[in-house]
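S.K.: Have a look; sequence and predicted model below, questions after that.
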Amino acid sequence: MTDRTLQGAGGGDHSVKKNDRLVIAASSVGTVIEWYDFYLYGSLAAIISAQFFSGVNETTGFIFALMAFAAGFAVRPFGAIVFGRMGDLWGRKNTFLVTMLLMGLSTFVVGLLPSYAAIGIAAPIILVLMRLIQGLALGGEYGGAATYVAEHAPAGKRGFYTSFIQITATVGLLLSLMVILGVRSTIGEDAFREWGWRIPFLVSILLLGVSLWIRLKLSESPAFQKMKAEGKGSTTPLKDSFMKWPNLKLVLIALFGLAAGQAVVWYTGQFYALFFLEKTLKVDPALSNILIATALALATPFFIIFGWLSDKIGRKPIILTGCLLAALTYFPLFHGLTKAANPQLAAAVASSPIKVVADPANCNLQFDPIGSTVFNTSCDVAKTHLAKAGINYENVAAPAGTIAHVQIGDVTVESFDGTQLPKADFDAQKKTWDSALTAHLSEAGYPAKADSALVNKPMVIGILFILVLYVTMVYGPIAAALVEMFPTKVRYTSMSLPYHIGNGWFGGFLPTTAFAMVAATGNIYYGLWYPIAIAVMTVVIGVIFVKEGKDVNIHD
């Protein structure tokens, strides 16, 4: 490859050395491995719930597992600030090495961490600590990589070039699913749930070694060297980004008019869909991984396609169209997913809908953050069983003092009040009652889990493909869109924070928030209102305030 000159939109030469493509590719490989480490946890949330949060009821434990997953996202904005500043002082290469080490070692520790049964409350505490370290490290990665690639792209190709950075998150997720699937199929599901789930975490130490070797071969960013030599870098990037209204206004528009909607569409299509298949629809975990991995593989090229298309028609119309399509179609798509993945469940819901008839004052929220609530009222007895089974039900208010009952079509199953029973007696009676309700549910056609032979695999993959296609629409052009909104001297800091608040907070908390909403209402689709509301907000704000930047000269 010969040296070439890139012309900015407003003129000016930007020399690109012949090994720059290799440098950018190497940076992308490192980012893939970081995402692999990060997403192992999300892909194994159901198993991690049983391993590290067994001290609370099952519904709360799963939501806790998702909260620990979200904890890594919560600190990403702080990682963007900490490592963004470090990158400005030490250089891109050294910062990449630090973030890679933190990510890889914290992932490896999770693979070695004893369970709750072995060391008690220390297990989830250490687990959350490792997630926080992962989130900080990942928060320092993205902004530098996206800015670096965009500033090296020829005019008219920023969307295409940065889409290769955008693809790394999905490739990392796909890699994690492939490793999990490989281990599951080799040792069997029982062994995987008991101890085999640790293997993908431990394998990350090998990937860490590969990534470090690649990154040690990188040269320091020419842009960083040039900025240092000319003394043009901002000495107060936080102040310049967030304490001056013209730039702060752009940060807020970037967050609410682009990043927030992009984030909830991204996490709904790639993570919530996987959780919904496995936890709610009770599809075999290995099959769930195969289905989502297939959809990801089919849709992944569209990150590049929409990045390229954004250079032609603009970032804004593609991103906002993706958000709008998602908001309009999530309910029918997830209803369709239920029918295709667990047709027995869909048929049972249609023929024998379930109602919990109870005194509202007798019902606790089926989510206990501190594990102190005793779910022993007649309403709680009924709802706990249905929530654990992932069964959709409707709440019907009954007069005060009424003993709750479960209505399954025309069949009524009366619950019992365990508030005055000794724990041993309550546990025994609940076991008997659970067995009876399970039998009634089975008679009504409600399956204990999805029958893999009945799963309409092409249809499930097709629906998942559409969900991921929305992801490629909103995520493929987002790096270029954010880079183009800010001036060079504060670009790293200014674009990183809205991106990581959007993806770390609006997106990262989506599974937790959605499942808590489901647990509170009994409606397995109710959690979709969260991404729909955020996506609609982004469309409205984006249409009004976001300016198209595909022709902006980012080198001024």
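M.R.: Noted; the coordinates are in hand.
S.K.: Output the below-cut-off pLDDT ranges for the stretch 351-500 of the chain.
M.R.: Across the stretch 351-500 of the chain, residues meeting the criterion (pLDDT under 70) sit at 366-373.
S.K.: any chance you could map the strands in it?
M.R.: Ranges of strands in the stretch 351-500 of the chain, per DSSP state E, counting those that start in this stretch, are 354-358, 394-397, 405-408, 411-414.
S.K.: Rebuild those strands as a markdown table, extending it with distance to Ile461 and mean neighbour count.
M.R.: C-betas here are computed from N, CA, C, even on glycine. A markdown table is the format used below for those (distance: least, Cβ to Cβ, whole Å; neighbours: other Cβ atoms under 10 Å):
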| stretch | distance to Ile461 | mean neighbour count |
| --- | --- | --- |
| strand 354-358 | 29 | 21 |
| strand 394-397 | 31 | 14 |
| strand 405-408 | 32 | 20 |
| strand 411-414 | 36 | 14 |
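S.K.: Need those in CSV (columns: distance to Tyr492).
M.R.: Listed next are these as CSV, based on distance: least, Cβ to Cβ, whole Å:
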stretch, distance to Tyr492
strand 354-358, 52
strand 394-397, 49
strand 405-408, 56
strand 411-414, 60
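S.K.: Ok, which of those comes nearest Met517?
M.R.: Closest to Met517 of the strands of the stretch 351-500 of the chain, according to Cβ to Cβ: strand 394-397, at 13.3 Å.
S.K.: Counting by contacts, list what the closest one packs against.
M.R.: If contacts are counted by 3 or more Cβ pairs under 8 Å, 6 or more residues apart in numbering; DSSP states H and E, strand 394-397 sits against strand 354-358.
S.K.: List the neighbouring strands of the strand it packs on plus their orientation.
M.R.: strand 394-397 (parallel), strand 405-408 (antiparallel) (DSSP bridges).
S.K.: between those, which one is nearest to Thr432?
M.R.: Closest of the strands paired with strand 354-358 to Thr432 is strand 405-408, at 14.9 Å (criterion: Cβ to Cβ).
S.K.: Off-centre distance for that closest one?
M.R.: Offset of strand 405-408 from its chain centre (Cα atoms, centre = their mean, to the nearest Å): 35 Å.
S.K.: Please apply the same query to stretch 32-43.
M.R.: Distance of stretch 32-43 from the chain centroid (Cα atoms, centre = their mean) equals 10 Å.
S.K.: same deal with stretch 282-297?
M.R.: How far stretch 282-297 lies from its chain's middle: 16 Å, per Cα atoms, centre = their mean.
S.K.: hmm, back to that, out of the strands of the stretch 351-500 of the chain, which is closest to Gln262?
M.R.: Across the strands of the stretch 351-500 of the chain, closest to Gln262 is strand 394-397 (Cβ to Cβ), at 33.5 Å.
S.K.: got the CA positions of the closest one in PDB?
M.R.: The C-alpha trace of strand 394-397 is given here as PDB (Å, rounded to 0.1, in the frame of the first residue of the first chain):
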ATOM      1  CA  GLU A 394     -53.400 -10.100  34.600                       C
ATOM      2  CA  ASN A 395     -54.000  -8.500  38.000                       C
ATOM      3  CA  VAL A 396     -57.600  -8.200  39.100                       C
ATOM      4  CA  ALA A 397     -58.400  -6.300  42.300                       C
END
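S.K.: Contacts for that strand, please.
M.R.: 353-360, 363, 407, 521-523 (Cβ atoms under 8 Å, 6 or more residues apart in numbering).
S.K.: JSON lines please, covering those residues and showing distance to Met67.
M.R.: Supplementary listing: the contacts of strand 394-397 in JSON lines, determined by distance: Cβ to Cβ, whole Å:
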{"residue": "Pro353", "distance to Met67": "31"}
{"residue": "Ile354", "distance to Met67": "28"}
{"residue": "Lys355", "distance to Met67": "30"}
{"residue": "Val356", "distance to Met67": "25"}
{"residue": "Val357", "distance to Met67": "31"}
{"residue": "Ala358", "distance to Met67": "27"}
{"residue": "Asp359", "distance to Met67": "30"}
{"residue": "Pro360", "distance to Met67": "26"}
{"residue": "Cys363", "distance to Met67": "22"}
{"residue": "Gln407", "distance to Met67": "32"}
{"residue": "Thr521", "distance to Met67": "19"}
{"residue": "Gly522", "distance to Met67": "21"}
{"residue": "Asn523", "distance to Met67": "21"}
